[in-house]
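> here you go, sequence then predicted model.
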Amino acid sequence: MNRFSELHTRLDETTKTNVKIQALVDYFRTAPEADAAWAVWFLIGNRPKRIVARAELRSWAAAEAGIPEWLFDESYLAVGDMAETIALLLPAPESSEEISLHDLIEERLLPLRGADPAERRSAIRAIWSGFDERRRFVWNKLITGNFRVGVSRSLVIRALAEATGVNAPTIAHRLMGEWNPTPESFAALVSPASVETDATRPYPFFLAHPIEGDPAILGPAGDWQAEWKWDGIRAQLVRRGGATSLWTRGEELVTERYPEIEALGPHLPDGTVIDGELLPRKGDRVLPFHDLQRRIGRKTPGRKLLAEVPVWLMAYDLLEWDGVDHRGEPLEKRRAALGALAERLPKGSRLAVSEVLEADDWPALAAARSAAVRAGVEGLMLKRKGSAYGVGRKRGDWWKWKVDPRTIDAVLIGAQPGSGKRAGLYTDYTFGLWAEGELVTVAKAYSGLTDAEIREVDAFVRANTVARFGPVRMVEPRLVFELGFEGIQESTRHRSGVAVRFPRVLRRRDDKRADEANSVADLRAMIAVGEPMPPRSGMQTFFAFADDDDGDRPEADRAGPV
Amino acid sequence: MGDLLEVTDRGLYCAAGDFFVDPWRAVERAVVTHAHSDHASSGCGRYLSSTAGSNVLRARIGASATIDTLEYGEETSVGSVRISLHPAGHILGSAQVRLEHRGEVWVVSGDYKVEPDPTCAAFEAVRCHVFISESTFGLPVYQWRPDRETFAEIDAWWRANRDAGRASLLLGYSLGKAQRLLSGVDPSIGPIAVHGAVEAMTRAYRESGVALPATQPVSASERGHDWGGSLVIAPPGAHGTPWVRRFGDASVAFASGWMRIRGPRRRRAVERGFVLSDHADWPGLLAAIEATGAQRVLLTHGSVGPLCRFLRERGLDAGALATRYTGERDEVGDAAPSEDEPAVEPET
């Protein structure tokens, strides 16, 4: 645990990629396999299901610190992080205990699941009293299911590759699917020999980079294959050894959640992997992402839900056929194979092949993209002709050319303190638009300003508070901000009757007074309803929401094997 | 009958003696707890300062100011009010102001810390009826470790940078913090250079008899000077300005009580944060308040709300006093207190 908490400190103290990689390399070179396995498991974003309730931790920690619970809460507001607040408040350790990471997790943490509160409390106190502040912090992060350290999966993969000499794509592939944190898994992960892969394992997803500005920098339009950028859940359908597995980009196995997609399996030849997007589609139109969310959390959807929100697989690519990995082949070859595969499927199969948009030049594609805006598709995907299917978000061959975000001028009406890096500063803003002479909440956003602006707004919030509700301060409606967002839809849950998707602060509008901000009616007017897709698309869209492709989608909780 | 001290638009005013304590605007008569700019305004007619603090006060507010001085513990009378000054342990010459009028004793703490600091006289608790206390770090998450542990960390950081051929740029307020850093680091590790603003204050400290290791003003070095291995002490405002470019690939660290929390530490975008404050931590505030024996406690800046509630729950008559010592920040999480946020101080 010392080694792991030292790694945590080193990662936490720097923002430099090279320093982070070096810290990881040092760790992987020295840590025993049993520990390294858990470290990888945590670092790539897995979390144990929460074992202790926050309310319990709060009251136990306050008792240990000898302070009233309200003072714990005040401290938490200043710190912005539960695990850190506890680590800072606890009295000095009574002893120093050294325990390996895997023993800590397997012998001390996991057995707490299902234990009664008194048992959990005494076990957690025992750990607290044997750890210094740094280890307590990491331990608290582990038990609150909130371990995050600013390291991406691809960074971990790079470090593993550097530490072991195994190439990064191989490690990335071996990490796909359900990866169990055992010494054997770790050994297999970094083994120089090729190891037999799990029959259900998907390939690492290839992701697109956003393109800003003029796409002509990509060269002639004719070098690119354009497709609609759909907003659903990126997924791979794997058929091997007579079994069907459906994986989301979050590497969650969701086969039984989408029986209509699973039903495609028996019609696919053995050794087939399709890359595509799960889309809710009824008749000839795609339903809002909102509807798909009803399916996401449901392990076994009932007949009613299946009828109300049918899901299709919009196929983009064919990664494997005849049991052979064809990712290195040119795009056109894979697309042709995908087309042939789709044609052999029985009628009524829930699979559609993503259409290739024919256009001679960039203006034509730009026009198609603008048409897509009105229809609700979020833009175009551009794939370089002849390109291979890569790993991760590699620049160069795949681009997402999104429509410009929509913007509106809104008034700051409330704020609450942020967390983490922004702890103690009022950075989580609530914005309102005018409706019948009143400002009605339309969005909450907490990004987009510079540090200097954040401080100014923080000072404004403190100086202009008119009411408080818990941590939230309502402020004088004076500051106007331009907000960008990527989708709007009717909402019964919001007083304004409208909900925006991915709102963010674009800039301050000091040139505008609050009464010059937009109204809810202006926002509503931006909702595009029922406009048909451009011809040839074969699918009609009511409305689609942006997929930011970054995996922050509220898929079901990513709990791992523990 | 009103209170002995009341908040006016110009500062804490004592009508019985017709003077102000730490006014935030120029007034006729000012009793000054210490020379930090949010406590010592320039342009007042007459100042009353501790003898120990008069050099630094003059260095701050100008050579022509009229400054009367009192030794710690010495008494004087202004109108019907008896005034004496007592060590606050914050910076050189910092004082608590004791006021006595018709048998009632008020003490204004100014800023204070209770840990020993070799660069100034140690805090002394003064019995009183009403205690006006700062509360910059008035939350239990703020607890300082002993200085020697912090300085061992700073020394280790400096040594590692030296061995890697890098300069060590250590940020801390130019008055007080910088001199405490100078007195605490191990000067055998390498040369020490200081920013002009730090140099001016360090000179005032030396003139007041505080022993500090030898320093070189940064400005005295030639262009192209190799800063590898040097420790450079500069005010926080210097960070990110063209002035720091000369140090090349320096490791930058910040010494402040706010570095106790990870959020502010990361927000500063410095490599290291050392927890070192010239303000009392939570146990320090509680101990100091208790030692005064005061039944009434008025809190001025920082985490006023929580500390106020905590004291009330302990049976004290606690309240908030709306001063401007740190811009009326009145609750937890204020990340920009006076000690860390001086205006950019130009190199002189």
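On my side now, so go ahead.

> for A:Thr407, give me phi and psi.
Here is the backbone geometry of A:Thr407 (degrees, to the nearest 10): phi -130, psi 160.

> tell me which residue of the stretch 101-250 of chain B lies closest to chain A.
Across the stretch 101-250 of chain B, the shortest distance to chain A (C-beta to the nearest C-beta) belongs to B:Val141, at 4.2 Å. The way it works is simple: take the backbone N, C-alpha and C, and place the C-beta from them, glycine included.

> the stretch 151-300 of chain B too?
B:Gly263 (3.3 Å).

> chain A contacts on the stretch 1-150 of chain B?
Proximity of the stretch 1-150 of chain B to chain A, by C-beta under 8 Å from any C-beta of the partner chain, involves residues B:139-141, B:143.

> longest single helix anywhere in chain B?
Identified as the longest helix of chain B according to DSSP state H is helix B:147-163.

> is chain A contacted by the next helix or strand after it?
Heading C-terminal from helix B:147-163, the first helix or strand you meet, by DSSP states H and E, is strand B:168-171. No - Strand B:168-171 lies out of reach of chain A by C-beta under 8 Å from any C-beta, never closer than 15.2 Å.

> write out the residues of the stretch 301-450 of chain A neighbouring chain B.
Contact residues, the stretch 301-450 of chain A versus chain B (C-beta under 8 Å from any C-beta): A:417, A:419-425.

> so where is chain A shaky, pLDDT-wise?
Within chain A, the ranges that satisfy pLDDT under 70 run A:194-198, A:373-376, A:404-405, A:447, A:527-562.

> how about the residues of it near chain B?
By the rule C-beta under 8 Å from any C-beta, the part of chain A lying against chain B is A:12-15, A:65, A:67-68, A:70-71, A:74-75, A:77-81, A:84-85, A:88-89, A:417, A:419-425, A:451, A:455, A:459, A:462-463.

> now, those residues that are in helices?
Among these, the members falling in helices are A:12, A:65, A:70-71, A:74-75, A:77-79, A:84-85, A:88-89, A:451, A:455, A:459, A:462-463 (criterion: DSSP H).

> now, of the residues you listed, which are buried?
Burial by neighbour count, 16 or more other C-beta atoms under 10 Å in any protein chain shown: within those this picks out A:12, A:65, A:71, A:74-75, A:77-79, A:84-85, A:88-89, A:455, A:459, A:462.

> got the contact list for residue 76?
Picking chain A for this. Counting by C-beta atoms under 8 Å, 6 or more residues apart in numbering or on different chains, A:Tyr76 makes contact with A:58, A:82, A:85.

> actually, chain B is the one I wanted.
The contact partners of B:Thr76, by C-beta under 8 Å, 6+ apart, come to B:48, B:68, B:70, B:82-84.

> how about A:His102?
A:32, A:34-35, A:37-38, A:181.

> are any of the residues you listed buried, and if so which?
A:34-35, A:37-38, A:181.

> all helices in the stretch 51-200 of chain B, in order from the N-terminus.
B:54-61, B:147-163, B:177-184, B:196-207 (DSSP state H, counting those that start in this stretch).

> wait, the stretch 351-500 of chain A
All helices of the stretch 351-500 of chain A, identified by DSSP H, counting those that start in this stretch, fall at A:362-375, A:451-463.

> mind putting those into a markdown table with distance to B:Ser94?
A markdown table is the format used below for the helices of the stretch 351-500 of chain A (distance: least, C-beta to C-beta, whole Å):
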| stretch | distance to B:Ser94 |
| --- | --- |
| helix A:362-375 | 64 |
| helix A:451-463 | 27 |
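
> just for chain B, where's the confidence low?
For chain B, the stretches flagged by pLDDT under 70 are B:1, B:325-348.

> residue in the stretch 151-300 of chain A nearest to chain B?
Nearest to chain B, among the residues of the stretch 151-300 of chain A, is A:Val151, at 14.5 Å (C-beta to the nearest C-beta).

> follow-up on the earlier one: compare the helices of the stretch 51-200 of chain B and give me the one nearest A:Arg239.
Nearest to A:Arg239, of all these, is helix B:147-163, at 55.6 Å by C-beta to C-beta.

> who are the packing partners of that closest one?
With contacts taken as 3 or more C-beta pairs under 8 Å, 6 or more residues apart in numbering or on different chains; DSSP states H and E, helix B:147-163 sits against strand B:168-171, helix B:177-184, strand B:251-255, strand B:272-274.

> try 7 Å
Judged by 3 or more C-beta pairs under 7 Å, 6 or more residues apart in numbering or on different chains; DSSP states H and E, helix B:147-163 is in contact with strand B:168-171, strand B:272-274.

> mind listing what the shortest one pairs with, with the direction of each?
Based on DSSP bridges, the strands next to strand B:272-274 in the sheet, each with its direction, are strand B:251-255 (parallel).

> rewinding a little: output the residues of the stretch 301-450 of chain A next to chain B in CSV, with neighbour count and distance to B:Phe274 appended to each entry.
Formatted as CSV, those follow (neighbours: other C-beta atoms under 10 Å in any protein chain shown; distance: C-beta to C-beta, whole Å):
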residue, neighbour count, distance to B:Phe274
A:Pro417, 25, 25
A:Ser419, 19, 24
A:Gly420, 15, 21
A:Lys421, 18, 19
A:Arg422, 22, 22
A:Ala423, 25, 19
A:Gly424, 24, 19
A:Leu425, 26, 22
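
> which one of those is nearest B:Val232?
Set against B:Val232, the nearest of these by C-beta to C-beta is A:Lys421 (26.2 Å).

> other residues contacting stretch A:261-275?
A:202-203, A:236-242, A:244, A:246, A:255-256, A:278, A:311, A:313, A:315-323, A:345-346, A:349-351 (C-beta atoms under 7 Å, 6 or more residues apart in numbering or on different chains).

> same thing with stretch A:148-157?
With C-beta under 7 Å, 6+ apart, stretch A:148-157 has contacts from A:8, A:11-12, A:17, A:20-21, A:24, A:40, A:43-45, A:168, A:171-172, A:175, A:392.

> need the distance between the two termini of it.
Counting by C-alpha to C-alpha, to the nearest Å, you get 16 Å between the two ends of stretch A:148-157.

> buried set for it?
Residues of stretch A:148-157 classed as buried: A:151, A:153-157 (neighbour count, 16+ other C-beta under 10 Å).

> over to stretch A:516-529?
A:517-520, A:523, A:528.

> between the residues you listed, which is closest to B:Val232?
Of all the buried residues of stretch A:516-529, B:Val232 sits closest to A:Ala517, with 47.5 Å by C-beta to C-beta.

> highest average neighbour count across the helices of the stretch 51-200 of chain B?
Sort the helices of the stretch 51-200 of chain B by mean neighbour count, taking mean count of other C-beta atoms under 10 Å in any protein chain shown, and helix B:177-184 sits at the top with a mean of 25.

> and the angle for that one with helix B:147-163?
Interaxial angle, helix B:177-184 versus helix B:147-163 (axes from the mean of the first three to the mean of the last three C-alpha atoms, to 10 degrees): 80 degrees.

> packing partners for helix B:177-184?
If you count contacts as 3+ C-beta pairs under 7 Å, 6+ apart, helix B:177-184 packs onto helix B:196-207, strand B:231-234.

> distance to B:Glu115 added to the ones you listed, as a markdown table?
Putting these into a markdown table (distance: least, C-beta to C-beta, whole Å) gives the following:
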| stretch | distance to B:Glu115 |
| --- | --- |
| helix B:196-207 | 18 |
| strand B:231-234 | 20 |
